[in-house]
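Chemist: Prediction below, plus the sequence it came from.
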Amino acid sequence: MKIILVMQLRTFSKWMVVTGTLLIWILKLFIRPAIHMEGWLKFFCGVAPNLMGSYLVPFAGWWLFTHPGFYNGRLLRFPFFSDTRMVCLFGFSLAVVNEYLQLIPFFKRTFDYYDMLFSAFGLVIACYHFTALQRRAYFA
């Protein structure tokens, strides 16, 4: 039963990552350039990719690192809840580095503190949500 729930979590994580990535691409490549927005809607559509992308970090880690073809699923597996927090902290550090790299004019991107704030918010929500799913899979 435990193995079935863990595999269901892996399948759920895969579909979360695929669907979330498609939503981010649709928002960034089609909706924001095509629709003129003002006020809070423009602000939310500006930070939504960071929020959604950071929310997907533990799900992507679980999906990729528990894949049977990825060194037989043994490399970088994080079955414990504290490991989920470490994956989220690493994801946040990458988001911060990415945001500060946008200060370099070569990349032609814009730096924004709100992006870091919403990345942190997404990771906190994802850490709690994924840990709850993980507990249900391991202690059911």
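Modeler: Structure received.

Chemist: For the residue nearest the centre of the chain, which residues are in contact?
Modeler: Centroid-nearest residue in the chain: Leu56, 2.2 Å away (criterion: CA atoms, centre = their mean). Listed by CB atoms under 8 Å, 6 or more residues apart in numbering, the contact set of Leu56 reads Met16, Val17, Gly20, Thr21, Ala126. (Each C-beta comes from the backbone N, C-alpha and C, glycine too.)

Chemist: backbone phi and psi for the closest residue to the second one other than its chain neighbours, please?
Modeler: Closest residue to Val17 apart from its sequence neighbours, by CB to CB, 6 or more residues apart in numbering: Ala60 at 4.8 Å. Ala60 has phi and psi values of phi -70, psi -40 when expressed as degrees, to the nearest 10.

Chemist: Same question for Leu56.
Modeler: The phi and psi values for Leu56, taken as degrees, to the nearest 10, are phi -80, psi -10.

Chemist: Repeat that for Glu38.
Modeler: Taking degrees, to the nearest 10, you get phi -140, psi 160 for the backbone angles of Glu38.

Chemist: Please determine how far it is located from Phe92.
Modeler: Going from Glu38 to Phe92 by CB to CB, to the nearest Å gives 30 Å.

Chemist: who's more crowded, these two?
Modeler: Between Glu38 and Phe92, counted using other CB atoms under 10 Å, the more crowded position is Phe92 (19 against 7).

Chemist: Next up, the contacts around the closest residue to the more buried one other than its chain neighbours.
Modeler: Among residues not flanking Phe92 along the chain, Leu123 sits closest, at 5.2 Å (CB to CB, 6+ apart). Taking CB under 8 Å, 6+ apart, we find Leu123 in contact with Ser54, Tyr55, Val57, Cys88, Gly91, Phe92, Ala95.
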